[in-house]
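Peer 1: Starting from these lines, generate the structure:
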Amino acid sequence: MKVKVLLILVILYLAGAFSWWTYSLLNLSRSDYILANENMTLKARWIEHELMQKVPEFNAEDGSRIYFGKSIYTLDTSLMFEFIKDNYKNEYLLEFEPFLTGLKARVTPSSTLIYNTFKEYQIRRRAYISESIFFILLMIAGFFWIFASIDKIINLNILQKNFMMAVTHELKSPVAALKLMIQTLKKRNLDEEKKKELIIKADNSTDRLANLIDELLLAIKVEHKELKTVFDWVELKKLIEELVSEFSNHPNFKGEITIEAGKELKVWGDYLSLKTCFKNIIENAIKYGDSPLELKITLDSYARTLSFADQGVGIPAGERRKVFRQFYRIGDESVRTTKGTGLGLYLVKNLLKVHKAKIGILSNTPKGTIIKIKF
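Peer 2: Okay, the predicted model is just below:
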């Protein structure tokens, strides 16, 4: 929070300083333009003075009467024009207008000189304004990018903290259970049935520990793009039936998983990766669903889709994209009761990405979640 406040103060200072600098440059540019116009007028008067100094050279034979201010001269206008043209090119013009019994001479800046001076002023003005706008837009973009980066870092720290707490819990639970069962087997004389029960529980704890380690290693391989795959034609219906059979035969499983499938849906993919995806989805349905589980798996060979519909607590609309992030879990690890590391759906999405498949989460009716995969 302190970093954000400091950043806002710095940005406000930069914005104010640059705005003042832009305002000062615009005023300075306008002052230069006004000064340039005044200089043109002064120069025109100076040229008139020069013409008056050269009056003897412009004597006319036809008796043309030329007025310079209050003085009257008999001058040759063609010689005067040549003098202006040779010495001042097209920047200044000699003009005559009827005055009393003759012509009144006046030197003025040419329209080209006036236009070029104004154009130069406009170019500078537009340059200052455009640079100011560009800088402000760049500063706003940088402001949002820095704030987004800060939020991302903060969120990542929270996710990593949650992940470490979750992994610690996930590792500690099976290890503690194994230690307790081994100590029980060592210190007590148990009958064969009780020993067999403890051995089965110990085996389940080792499986849980092995699955967690495999999940962490798989996440590392996916993140570093080191996942090795063997692609072949995979029959999804057959794969799903194998998984459902494995879960249904588990002694702790309660509920029912139904499969709706017509024609076999074949996809070009890696069997083990796809099995890992579908296994994680079913485990999430068991973990977050009501007991006994009601899970419906539908395969549509025409639409090339696979959907998992449960009757659990569901996922809020605002969380449906976030759950695919690495380490992300809904809620806070310190108050969360369900086990997990926040890697399950992250692995699912990235493994499906390898198969060029898309995954989305929808609401079920009247409650629960539908996870839909499009191949």
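
Peer 1: Not counting sequence-adjacent ones, nearest residue to residue 360?
Peer 2: Sequence neighbours aside, residue 372 is the residue nearest to residue 360 in space, at 5.2 Å (criterion: C-beta to C-beta, 6 or more residues apart in numbering). C-beta: built from backbone N, CA, C; applies to glycine.

Peer 1: what kind of secondary structure is the one you found in?
Peer 2: Here residue 372 is strand, with the state taken from DSSP: H, G, I helix; E, B strand; the rest coil.

Peer 1: Is it in contact with residue 359, as I believe?
Peer 2: Yes: applying C-beta atoms under 8 Å, one finds residue 372 in contact with residue 359, separated by 7.1 Å.

Peer 1: Go ahead and confirm residue 280 touches residue 346.
Peer 2: No: checked against C-beta under 8 Å, the pair residue 280 and residue 346 is beyond contact range at 9.6 Å.

Peer 1: Do a quick rundown of the strands in the stretch 151-300 of the chain.
Peer 2: 231-235, 255-261, 266-270, 293-300 (DSSP state E, counting those that start in this stretch).

Peer 1: okay, these in JSON lines with mean pLDDT next?
Peer 2: Output for those, formatted as JSON lines (pLDDT from 0 to 100):
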{"stretch": "strand 231-235", "mean pLDDT": "91"}
{"stretch": "strand 255-261", "mean pLDDT": "86"}
{"stretch": "strand 266-270", "mean pLDDT": "90"}
{"stretch": "strand 293-300", "mean pLDDT": "88"}
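
Peer 1: Mind checking those for the one nearest to residue 223?
Peer 2: strand 266-270 (17.5 Å; C-beta to C-beta).

Peer 1: Pull the distance from that closest one to the chain's centre.
Peer 2: Relative to its chain's centre, strand 266-270 lies at 33 Å (C-alpha atoms, centre = their mean, to the nearest Å).

Peer 1: before we move on, what about stretch 108-116?
Peer 2: 51 Å.

Peer 1: in that stretch, what counts as buried?
Peer 2: 108-109, 113 (16 or more other C-beta atoms under 10 Å).

Peer 1: packing partners for the helix ranked longest in the chain?
Peer 2: Longest helix in the chain by number of residues (criterion: DSSP state H): helix 111-187. Secondary-structure packing of helix 111-187 (3 or more C-beta pairs under 8 Å, 6 or more residues apart in numbering; DSSP states H and E): helix 2-53, helix 192-223.

Peer 1: mean pLDDT for those: which is lowest?
Peer 2: Note on the helices and strands packed on helix 111-187: lowest mean pLDDT is at helix 192-223, with a mean of 78.

Peer 1: Show me which residues of it are buried.
Peer 2: Under 16+ other C-beta under 10 Å, the buried positions of helix 192-223 are 198, 202, 204-205, 208-209, 212, 215-216, 218-219, 222.

Peer 1: Remind me what it packs against, helices and strands.
Peer 2: So helix 192-223, by 3+ C-beta pairs under 8 Å, 6+ apart, packs with helix 111-187, helix 344-354.

Peer 1: Could you pull up the contacting residues of the residue nearest to residue 360?
Peer 2: Residue 372 is in contact with 305-307, 359-362, counting by C-beta atoms under 8 Å, 6 or more residues apart in numbering.

Peer 1: circling back: now the helices and strands packed on helix 192-223 in a markdown table, with mean pLDDT?
Peer 2: Shown next, in a markdown table, are the helices and strands packed on helix 192-223 (pLDDT from 0 to 100):
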| stretch | mean pLDDT |
| --- | --- |
| helix 111-187 | 80 |
| helix 344-354 | 87 |
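
Peer 1: winner for burial among those?
Peer 2: helix 344-354 (a mean of 20; mean count of other C-beta atoms under 10 Å).

Peer 1: Other residues contacting that one?
Peer 2: With contacts defined as C-beta under 8 Å, 6+ apart, helix 344-354 is touched by 215, 218-219, 222, 227, 229, 269-270, 273-274, 276-277, 280-281, 283-284, 323-328, 358-359, 373.

Peer 1: can you rerun that using 7 Å?
Peer 2: 218-219, 222, 229, 273, 276-277, 280-281, 284, 323-326, 359, 373 (C-beta atoms under 7 Å, 6 or more residues apart in numbering).

Peer 1: What subset of those is buried?
Peer 2: Buried among the contacts of helix 344-354 by 16+ other C-beta under 10 Å: 218-219, 222, 273, 276-277, 280-281, 284, 323-324, 326, 359, 373.

Peer 1: now these as CSV including distance to residue 93?
Peer 2: Shown next, in CSV, are these (distance: C-beta to C-beta, whole Å):
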residue, distance to residue 93
218, 85
219, 82
222, 79
273, 85
276, 88
277, 85
280, 87
281, 87
284, 87
323, 79
324, 76
326, 76
359, 78
373, 82
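
Peer 1: Of those residues, which belong to helices?
Peer 2: Per DSSP H, those map to helices at 218-219, 222, 273, 276-277, 280-281, 284.

Peer 1: coming back round to it: including distance to residue 32, could the helices and strands packed on helix 192-223 go into JSON lines?
Peer 2: Formatted as JSON lines, these follow (distance: least, C-beta to C-beta, whole Å):
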{"stretch": "helix 111-187", "distance to residue 32": "7"}
{"stretch": "helix 344-354", "distance to residue 32": "60"}
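
Peer 1: Quickly note the distance from residue 322 to residue 303.
Peer 2: Counting by C-beta to C-beta, to the nearest Å, the separation of residue 322 from residue 303 is 27 Å.

Peer 1: Identify, out of the strands of the stretch 151-300 of the chain, the most deeply packed stretch.
Peer 2: strand 293-300 (a mean of 19).

Peer 1: quick one: strands adjacent to it?
Peer 2: Using DSSP bridges, strand 293-300 pairs in its sheet with strand 255-261 (parallel), strand 305-310 (antiparallel).

Peer 1: got a list of contacts for that strand?
Peer 2: With C-beta under 7 Å, 6+ apart as the criterion, strand 293-300 contacts 236-237, 240, 254-261, 265, 282, 285-286, 306-311.
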